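Enquirer: give the three-dimensional model of this entry:
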Amino acid sequence: TKTVTGLSIATQCSFSSIATNDDGVRTESGPATSLYTLAAVPNKPSFTNTTANTTDIEINASTNPADVEFAVSLSNGQYVQADGTIASGAIWQTKTLWDNTTVTGLAPNTTYTFQVKARNGDHVETTTSEAESIVTLAATPSQQDLYNYNTFTDKLEFYISYDTNPQSTEFAVQDSISGLYLQIDAFLGESQIWHAQAPASYIFGLNPGTNYAIRVKARNASSIETEWGVSRKLSTMPNVPGTPILIDTTTNSISVEIDNGSNPNNVTYAIYENNSSLFVKADGTFSETEVWQSQGEWGTTSISNLNVNQNLSLKVKAKNDDNAETNYSSAISVYTLAKIPAAPTVEALSSSSISIAINTNENPGSVFYAIQEVTSGKYVGYYSGLQDVEDWRTFEYWQDCIIGGLEGSTEYTFNVKARNSDYVE
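Expert: Numbering: from 1, shown residues only. Here you go, the predicted structure:
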């Protein structure tokens, strides 16, 4: 046996034999035998441009010549195919062909281990190279599920969708409006927290009537992060407003302001009048349809063109930017003022009695009046002449009023005051 050295790797060699006699005469060459030297074991492969589902492969041929073929295997026993898919059965290609291949069909955030082996022209295979592992990127999370159910003022119901990511994937959750992140305790805070599993199903500690835009990003086992997914926008429910605040009343108007119930400025309000079943408009008149304005836009609203001693029962509801409405507040019930009566008409009937007629100044019949004798400071009583306390009665009672028990030849001066149904004089 003769060992031939100095041959090139994976190169075809042809051998033939000749014979020589004792006189040194050679025969012609016998039939030739051809074979290839073995290919060198390749170096481990390289990978670039790895995504959640693909990676680009590069063969590291070692000292092998360009015509040597390579097969790429995975740790699960399958092989990369010529089109980049993964299937059973080895595919043999040169480095030039493999280096244009994108491996496809990979799962997000998953570790894959690859090895390469070579073969020469006689299809004699080498052992496999050292292994090279990659971790695919996590898939960018989709728009997440976020719910309010028109109920919650301080929390939102929230579920992370893993999409195609495995459940070992870590997620960070952010409100893109405030820039705050979901913490382990399910409240929002300044630190970005990576959750090893899907966070709690609620985000707590939120403000009423406030807009939130929740988005999620993921990272793989190598801590490579995805982009943020698309935000899901939702508002918490506003607080139910407080009872409207009475600012002023006149004989034909009532002025009120909104009690916002600690809601933020973006929340809007509608004012409803119970007696008429109408809504207050921005100009203080009434409408059959709701008029929505912010607290600042309502300001001090004067509801005008009312009647004397007219009752309004006003309540307010709020809505957020998602058009979700609260219940109504408790109502404020208020009457417009009565007009100041004109001077009464007085007539002496006898030396001890006087008739007095009230001039209502167009007050309605629901207004009450009290009559005072100015000199004595006493008040006219419906049954008892002059007395120390006011006697409040409607015009219907006073219209035939006769005051008896008076002193003869004495001057009496009378005036009248009115009050509305809220007892405002």
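Enquirer: using CSV, list the CA coordinates for stretch 251-270.
Expert: Provided in CSV are the C-alpha atoms of stretch 251-270 (Å, rounded to 0.1, in the frame of the first residue of the first chain):
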residue,chain,number,x,y,z
THR,A,251,-87.4,87.3,37.6
ASN,A,252,-86.8,85.8,34.1
SER,A,253,-83.5,83.9,34.3
ILE,A,254,-81.5,81.3,36.2
SER,A,255,-77.7,81.1,36.0
VAL,A,256,-75.9,77.8,36.7
GLU,A,257,-72.4,76.3,36.3
ILE,A,258,-71.3,72.8,35.8
ASP,A,259,-69.8,70.8,38.7
ASN,A,260,-67.5,68.6,36.7
GLY,A,261,-67.2,65.8,39.3
SER,A,262,-63.4,65.9,39.1
ASN,A,263,-63.4,65.0,35.4
PRO,A,264,-60.7,66.3,33.1
ASN,A,265,-61.2,69.2,30.7
ASN,A,266,-61.9,67.0,27.6
VAL,A,267,-65.1,65.6,29.1
THR,A,268,-68.3,67.3,27.8
TYR,A,269,-71.7,67.8,29.4
ALA,A,270,-75.3,68.1,28.6
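Enquirer: OK, contacts around residue 185?
Expert: For residue 185, the contact set (CB atoms under 8 Å, 6 or more residues apart in numbering) comprises residue 204. All C-beta spots, glycine's among them, are computed from the backbone N, C-alpha and C.
Enquirer: and the gap between it and residue 171?
Expert: Distance from residue 185 to residue 171, counting by CB to CB, to the nearest Å: 16 Å.
Enquirer: how many neighbours does residue 70 have?
Expert: Neighbourhood size, residue 70 [other CB atoms under 10 Å]: 25.
Enquirer: also residue 230?
Expert: Using other CB under 10 Å, residue 230 has 14 neighbouring residues.
Enquirer: ok, it to residue 161 distance?
Expert: With CB to CB as the criterion, residue 230 and residue 161 are 12 Å apart.
Enquirer: quick check: neighbours shared by these two?
Expert: Joint contacts of residue 230 and residue 161 (CB under 8 Å, 6+ apart) are residue 142.
Enquirer: okay, helices next: where are they in the stretch 151-300 of the chain?
Expert: Using DSSP state H, counting those that start in this stretch, the helices found in the stretch 151-300 of the chain span residues 295-298.
Enquirer: where do the strands of it begin and end?
Expert: Secondary structure of the stretch 151-300 of the chain, counting by DSSP state E, counting those that start in this stretch: strands at 156-159, 170-175, 181-182, 188-189, 202-203, 211-219, 232-235, 245-249, 254-257, 268-273, 278-280, 286-287, 293-294.
Enquirer: ditto for the stretch 1-150 of the chain
Expert: Taking DSSP E, counting those that start in this stretch as the test, the strands found in the stretch 1-150 of the chain are 12-15, 33-36, 46-48, 55-58, 69-74, 79-80, 86-87, 93-94, 102-103, 111-119, 132-135, 145-147.
Enquirer: format these as TSV; extra columns: distance to residue 257 and mean pLDDT.
Expert: As requested, the strands of the stretch 1-150 of the chain are exported to TSV (distance: least, CB to CB, whole Å; pLDDT from 0 to 100):
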stretch	distance to residue 257	mean pLDDT
strand 12-15	99	75
strand 33-36	96	84
strand 46-48	66	96
strand 55-58	65	97
strand 69-74	72	97
strand 79-80	73	98
strand 86-87	70	98
strand 93-94	80	96
strand 102-103	66	98
strand 111-119	64	97
strand 132-135	61	97
strand 145-147	34	88
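Enquirer: closest to residue 239 out of these?
Expert: When the strands of the stretch 1-150 of the chain are compared by CB to CB, strand 145-147 sits nearest residue 239, at 19.3 Å.
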